[in-house]
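Colleague: let me see the structure of the following:
(one chain, ligands or ions: 2)
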Amino acid sequence: MERKAILVVDDEELIRESLVEFFEDDFDVEGAGSGEEALEILERRNFDLVISDIRMPGIDGFEVIRVIREKYPRTKTALITAYDVDDYIKLAKEKQITNIIVKETPFNFDELGQTSHNLLTGEFFGIHRYLDYDAKIEQLTIQETEAIQLTIGKIVDFFRGITNDEEIFEVCDLILDELLHNAIVHAPRDQDGKPKYDRTAQVVLADEEIVHVAFGYDQRKLGFAVIDNYGTLENSTVLDLLDRHISGSGTRDYQGRGLFISRSLTDRFIINIHRGVKTEIICLIYFTGDHDYVKPLCINEI
Ligand SMILES: Nc1ncnc2c1ncn2[C@@H]1O[C@H](COP(=O)(O)OP(=O)(O)OP(=O)(O)O)[C@@H](O)[C@H]1O
Ligand SMILES: [Mg+2]
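Modeller: Numbers count the residues shown, from 1 in each chain. Ligands and ions are numbered 1, 2, ... in the order given. Down below sits the predicted model:
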């Protein structure tokens with residue numbers, strides 16, 4: 001099989017070299033030391049994926065992506081930064097950027113490999129992709145708002161098999177409550193595309209509307225995925241809402257906190273949207289102490 005081509009753009013040589021080295025075994029990879037150089041290289045050949053640093057002298061990462069989208073629409077893109085992703089949410093919203101990878105120390109190569117694989121193949125769905133291959137994973141379905149607490153109880157009990165950190169259970173409880181509620185009341189739409197249920201209603205879903213929850217853990221982290229069968233969440237809604245809360249203008253919003261809180265309290269927050277088919281929201285929490293609390297931006301839409 002022909003190897004996929006990746007272009008890594010970063011003005012810091014050490015980082016560029018280490019990324020190139022990481023991809024070398026499996027990909028046809030090149031490095032560019034600036035936005036200008038990246039655009040030159042792109043003139044001469046095709047790449048399947050371009051991963052670009054945001055802040056660079058001259059042409060920055062946002063501009064590199066803008067040009068790629070215009071000239072090479074088939075090339076997948078992601079930004080990467082050593083800075084706080086939250087500082088870039090407003091720009092991401094304006095420029096419709098949905099993937100920002102973080103440079104952590106030590107660098108999380110597992111995650112880089114997996115994010116790149118997902119972008120290259122378009123295979124985002126499924127919590128198994130985000131846990132190690134030997135992870136323990138189970139599934140449940142939920143059909144009514146009344147059953148939310150019971151479902152959460154079962155999931156938390158399952159997590160007791162790997163950790164006894166009560167704080168993590170509290171976080172899981174809070175977030176699952178938000179996400180399950182969202183999936184049951186917000187996802188369903190009527191024929192006119194309007195929300196089918198009131199946000200405060202007790203809802204019993206029809207069989208075909210049933211919500212799935214997958215949950216599991218490996219040696220370092222646990223996580224869950226809440227999946228609805230509508231695919232009505234929009235990435236602009238998510239970016240808007242994150243921006244409102246991060247910029248401070250949304251702190252007093254009575255509504256629209258569920259997704260923001262879920263991202264804030266977890267280490268990895270991944271949104272996968274297959275429009276009109278399903279939305280999957282995945283939360284991962286590292287229970288080993290050696291994890292930095294930097295959060296990437298990861299919204300995938302197919
Ligand atoms: N699974 C989903 N499918 C479709 N839309 C969704 C889904 N989850 C969230 N949304 C949309 O995103 C918005 C924000 O959700 P979020 O949970 O952050 O706030 P909320 O549910 O409106 O209020 P609350 O603070 O009570 O959770 C919702 O109002 C809804 O429009
Ligand atoms: Mg909500």
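Colleague: quick one: residues in contact with stretch 70-81.
Modeller: Contacts of stretch 70-81 with the rest of the structure, by Cβ atoms under 8 Å, 6 or more residues apart in numbering, involve 10, 42, 46-55, 61-62, 64-65, 68-69, 88, 97, 99-103, 115-116, 119-120. C-betas here are computed from N, CA, C, even on glycine.
Colleague: off-centre distance for stretch 236-245?
Modeller: Its chain's C-alpha centre and that of stretch 236-245 lie 14 Å apart, by Cα atoms, centre = their mean, to the nearest Å.
Colleague: in it, which residues are buried?
Modeller: 238-239, 241-245 (16 or more other Cβ atoms under 10 Å).
Colleague: tell me which of these fall in helices.
Modeller: With DSSP state H as the criterion, helices contain 238-239, 241-245 from among the buried residues of stretch 236-245.
Colleague: pLDDT and distance to Gln202 added to these, as JSON lines?
Modeller: Formatted as JSON lines, these follow (pLDDT from 0 to 100; distance: Cβ to Cβ, whole Å):
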{"residue": "Val238", "pLDDT": "94", "distance to Gln202": "26"}
{"residue": "Leu239", "pLDDT": "94", "distance to Gln202": "31"}
{"residue": "Leu241", "pLDDT": "92", "distance to Gln202": "25"}
{"residue": "Leu242", "pLDDT": "92", "distance to Gln202": "29"}
{"residue": "Asp243", "pLDDT": "92", "distance to Gln202": "32"}
{"residue": "Arg244", "pLDDT": "91", "distance to Gln202": "28"}
{"residue": "His245", "pLDDT": "90", "distance to Gln202": "28"}
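Colleague: show me which of these neighbour ligand 1.
Modeller: Subset of these in contact with ligand 1: Leu241, counting by Cβ under 6 Å from any ligand atom.
Colleague: how near is the residue of the stretch 101-250 of the chain found nearest ligand 2 to Arg199?
Modeller: As assessed by Cβ to the ion, ligand 2 sits closest to Asn182 within the stretch 101-250 of the chain, at 4.3 Å. Distance, Asn182 to Arg199, by Cβ to Cβ, to the nearest Å: 9 Å.
Colleague: neighbour count for the two, which is higher?
Modeller: Between Asn182 and Arg199, Asn182 has the larger neighbour count (other Cβ atoms under 10 Å), namely 20 against 11.
Colleague: check the nearest residue to that one once chain neighbours are set aside and give its pLDDT.
Modeller: Leaving aside its chain neighbours, Asn182 sits nearest to Gly258 (5.7 Å; criterion: Cβ to Cβ, 6 or more residues apart in numbering). Turning to Gly258, the model gives it a pLDDT of 94.
Colleague: Gly258: neighbouring residues, count only.
Modeller: A count of neighbours around Gly258, defined by other Cβ under 10 Å, yields 18.
Colleague: distance check, it against ligand 1.
Modeller: 2 Å (Cβ to the nearest ligand atom, to the nearest Å).
Colleague: which bits of the chain sit near ligand 2?
Modeller: Neighbours of ligand 2 within the chain, by Cβ under 5 Å from the ion: 182, 258.
Colleague: repeat that with 8 Å
Modeller: Residues of the chain lying close to ligand 2 by Cβ under 8 Å from the ion are 178-179, 181-182, 185-186, 199, 255-259.
Colleague: quick one: buried ones out of those?
Modeller: Buried among the residues of the chain next to ligand 2 by 16+ other Cβ under 10 Å: 178-179, 181-182, 185-186, 257-259.
Colleague: which of those sit farthest apart?
Modeller: Pairwise distances across those (Cβ to Cβ) peak at 14.8 Å, for the pair Val185 and Arg257.
Colleague: now the spatially closest residue to Ile97 that is not a sequence neighbour, what are its backbone angles?
Modeller: Once flanking residues are discounted, Ile97 sits nearest to Leu79: 6.1 Å by Cβ to Cβ, 6+ apart. In terms of degrees, to the nearest 10, the main-chain angles of Leu79 are phi -100, psi 160.
Colleague: beta-bridge partners for Leu79, please?
Modeller: Per DSSP bridges, residues listed as beta-bridge partners of Leu79: Ser52, Ile100.
Colleague: what's around Ile137, how many residues?
Modeller: 17.
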